[in-house]
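Engineer: Any chance you could fold what I've pasted below:
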Amino acid sequence: MGSNQSWVTEFILVGFQLPADTELFLFWVFSLLYIFSLLTNGMILGLICLDIKLHSPMYFFLSHLSVIDISYASNNVPKMLANLANQKRTISFGPCVIQVFLYLTFAATECLILVVMSYDRYVAICHPLRYTVIMNWRVCTVLAIASWACGFILAIVHAILLLRLPFCGPLKVNHLFCEILSVLKLACADTWINQVVILAASVFVLVGPLFFMLVSYMRIICTILKIRSREGRRKAFSTCSSHLCVVGLFFGIAMVVYMVPDSKQREEQEKMLSLFHSLFNPMLNPLIYSLRNAQVKDAFYKALQRKRAR
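Structural biologist: Numbering: from 1, shown residues only. Below is the predicted model:
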């Protein structure tokens, strides 16, 4: 960790600072949401693995999204729940840096996987006759590996830049978990390099991908408008609007946190916004992208029938 930080043994996660009974209530609510997100994403993964009809590029990327959501939530939520359940809210320096690293890895990878998924839908709707040629398994594998690799590389750069900083105190992280901006505020050295890299990374994984997705969905909507069937247009618009709502919330919140100038008044609001990424987004993704899909429903019913037949 370096000689400058070797004396730092732990941080204190401030959390919400609510009355004990309120925090206990939140503990049970967040626990239920966390369990629900694990079950839904786990079910999606299981169905995609078991049903051969779901062995297609779209579900291949959805399986990656489910893995990310499970990992993303499991990185932050258990510690958050532990802090709500008891008053000992310390976290060692090493686990804190690891939490920052994993948080950034999964967040950046999810941004890029969402872009890949929007491109997949663009090709499927706008160029259906060339879909199997363009989105072959080699291309899908390369896109998935590239998304994970970019997320890992960006996170390792942030972690290395964080490890070089000395921390002199106070060691209270005003957040629910070790979020990089909150940890940087505790450094007793100039963090301008860290801030510049965070801004550059935000442009790379937030602004660029969001622009690409908006263009893709605009092209998709233009193609949908040419559909003669009113019912077909309605279903297509319903799906696209749901996807855009989730994407807009995910990217919009991330941009507010990492690209809007910070202020003390916004610290409590950012804690609330982080709950969307940690709890609600992993729960919404399977509901929006998978469980409303007819093929996934059919696979689920078939799995239930096989279980009853036994």
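Engineer: Quick check: mean pLDDT of the helix or strand residue 72 falls within?
Structural biologist: Element membership for residue 72, per DSSP states H and E: helix 57-85. Average pLDDT, helix 57-85: 90.
Engineer: I'd like to know how many residues surround residue 197.
Structural biologist: Residues lying near residue 197 (other Cβ atoms under 10 Å) number 16. For every residue, glycine as well, the C-beta is placed using N, CA and C.
Engineer: From what I see, it and residue 156 are in contact.
Structural biologist: No - using Cβ atoms under 8 Å, residue 197 makes no contact with residue 156, being 11.6 Å away.
Engineer: Now do the helices in the stretch 1-150 of the chain.
Structural biologist: For the stretch 1-150 of the chain, applying DSSP state H, counting those that start in this stretch gives helices covering 20-50, 57-85, 93-126, 131-134, 137-163.
Engineer: Now those in a markdown table, please, with extra columns for mean neighbour count.
Structural biologist: Shown next, in a markdown table, are the helices of the stretch 1-150 of the chain (neighbours: other Cβ atoms under 10 Å):
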| stretch | mean neighbour count |
| --- | --- |
| helix 20-50 | 16 |
| helix 57-85 | 21 |
| helix 93-126 | 21 |
| helix 131-134 | 14 |
| helix 137-163 | 16 |
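Engineer: Let's have those helices in TSV, adding distance to residue 296.
Structural biologist: Output for the helices of the stretch 1-150 of the chain, formatted as TSV (distance: least, Cβ to Cβ, whole Å):
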stretch	distance to residue 296
helix 20-50	6
helix 57-85	8
helix 93-126	15
helix 131-134	19
helix 137-163	18
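Engineer: Which one of those helices lies nearest to residue 179?
Structural biologist: Nearest of the helices of the stretch 1-150 of the chain to residue 179, taken as Cβ to Cβ: helix 93-126 at 7.0 Å.
Engineer: Mind giving me the packing neighbours of that closest one?
Structural biologist: strand 10-13, helix 57-85, helix 131-134, helix 137-163, helix 180-184, helix 208-225, helix 230-259 (3 or more Cβ pairs under 8 Å, 6 or more residues apart in numbering; DSSP states H and E).
Engineer: Buried residues in the last one, which are they?
Structural biologist: Which is helix 230-259. Residues 236, 239-240, 243, 246-247, 249-251, 253-254, 257-258 are the ones in helix 230-259 that count as buried (16 or more other Cβ atoms under 10 Å).
Engineer: circling back: which stretch among the helices of the stretch 1-150 of the chain comes nearest residue 180?
Structural biologist: helix 93-126 (5.1 Å).
Engineer: now the angle from that closest one to helix 208-225?
Structural biologist: 30 degrees (axes from the mean of the first three to the mean of the last three Cα atoms, to 10 degrees).
Engineer: pLDDT (mean, whole number) over helix 93-126?
Structural biologist: pLDDT averaged over helix 93-126 gives 91.
Engineer: Show me the shaky parts of the chain.
Structural biologist: 1-8, 169-170, 232, 235-239, 261-267, 290-292, 304, 306-310 (pLDDT under 70).
Engineer: Apart from its neighbours in sequence, what residue is nearest residue 244?
Structural biologist: Nearest residue to residue 244, sequence neighbours excluded (Cβ to Cβ, 6 or more residues apart in numbering): residue 217, at 6.0 Å.
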